[in-house]
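Q: quick one, structure for this:
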Amino acid sequence: MALSNYVFGNGAADPFFTEMDRAVNRMINNALGVAPTSAGKAGHVAHAPMDIIESPTAFELHADAPGMGPEDVKVELQDGVLMVTGERKLSHTTKEAGGKVWRSERTAYAFSRAFSLPENANPDGITAAMDKGVLVVTVPKREPPVKPEPKRIAVTGA
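A: Here you go, the predicted structure:
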């Protein structure tokens with residue numbers, strides 16, 4: 001699918017993605033599969049699927065973050081780009097001294113996503129909450145800034 005074909009099911013263009021965002025996300029997804037997490041252990045680096053829902057008053061980003069709590073997820077805004085990252089760390093401990101782990105199939109993993117905010121987003125009112133392993137980031141809307149009318153410049157002869 002060509003980058004310009006990324007649209008919502010209703011045919012509207014996704015306001016959170018510029019063409020560059022799409023290209024970078026696709027490049028990262030193609031290049032990374034298994035990489036070290038910040039804990040230094042091999043884990044899965046995922047392109048976390050996110051739902052973006054628009055209402056008349058806000059945008060909501062929903063992401064599954066199983067096994068993560070609020071302390072494992074970071075939401076940051078810088079220069080109009082909303083960055084959502086998370087990391088699940090695992091430690092295999094036994095309840096009794098001398099016990100051992102016979103099988104360990106769960107892995108640590110991390111995810112990271114970046115979204116360019118549309119011009120009608122209100123960056124001052126962004127909130128984030130976790131509930132039952134689902135992260136919900138709410139970006140309220142505001143009236144978009146008024147764009148000035150084009151100014152015609154007179155062309156004179158020499």
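Q: and the residue positioned nearest the centre of the chain, helix, strand or coil?
A: Computing the C-alpha centroid of the chain and ranking residues by CA atoms, centre = their mean puts R113 first, at 3.1 Å. Classification of R113 by DSSP: H, G, I helix; E, B strand; the rest coil places it in strand.
Q: beta partners of the closest residue to it other than its chain neighbours?
A: In space, and not counting its chain neighbours, R113 is closest to V84: 4.9 Å by CB to CB, 6 or more residues apart in numbering. Any C-beta I mention is one placed from the backbone N, CA and C, and that applies to glycine too. Under DSSP bridges, the beta-bridge partners of V84 are V75, R113.
Q: please apply the same query to A121.
A: As assigned using DSSP bridges, the partners bridged with A121 are K141.
Q: okay, and the helix or strand of this protein with the least pLDDT?
A: Ranked by mean pLDDT, DSSP states H and E, the weakest helix or strand in the chain is strand 34-36, scoring a mean of 38.
Q: thought V75 was touching the residue nearest to R113, still the case?
A: Yes - V84 lies in contact with V75 (CB atoms under 8 Å); the separation is 5.4 Å.
Q: which residues in the chain form strands?
A: Remark: strands assigned in the chain by DSSP state E are 34-36, 42-46, 50-54, 58-64, 73-78, 81-88, 109-116, 127-131, 134-140.
Q: that older thread, more neighbours, V84 and V75?
A: Counting neighbours by other CB atoms under 10 Å for V84 and for V75 shows that V84 has the greater number, 21 against 16.
Q: to V155, which of the strands of the chain lies closest?
A: strand 109-116 (36.2 Å; CB to CB).
Q: quick check: angle from that closest one to strand 50-54?
A: Our comparison of strand 109-116 with strand 50-54, counting by axes from the mean of the first three to the mean of the last three CA atoms, to 10 degrees, yields an angle of 30 degrees.
Q: wait, what's in contact with D21?
A: A114, F115, S116 (CB atoms under 8 Å, 6 or more residues apart in numbering).
Q: one more time with 7 Å, if that's ok
A: By CB atoms under 7 Å, 6 or more residues apart in numbering, the contact set of D21 is A114, S116.
Q: pLDDT value on it, please?
A: In this model, D21 is scored at 70, pLDDT.
Q: over to A31?
A: A31 is given a pLDDT of 55.
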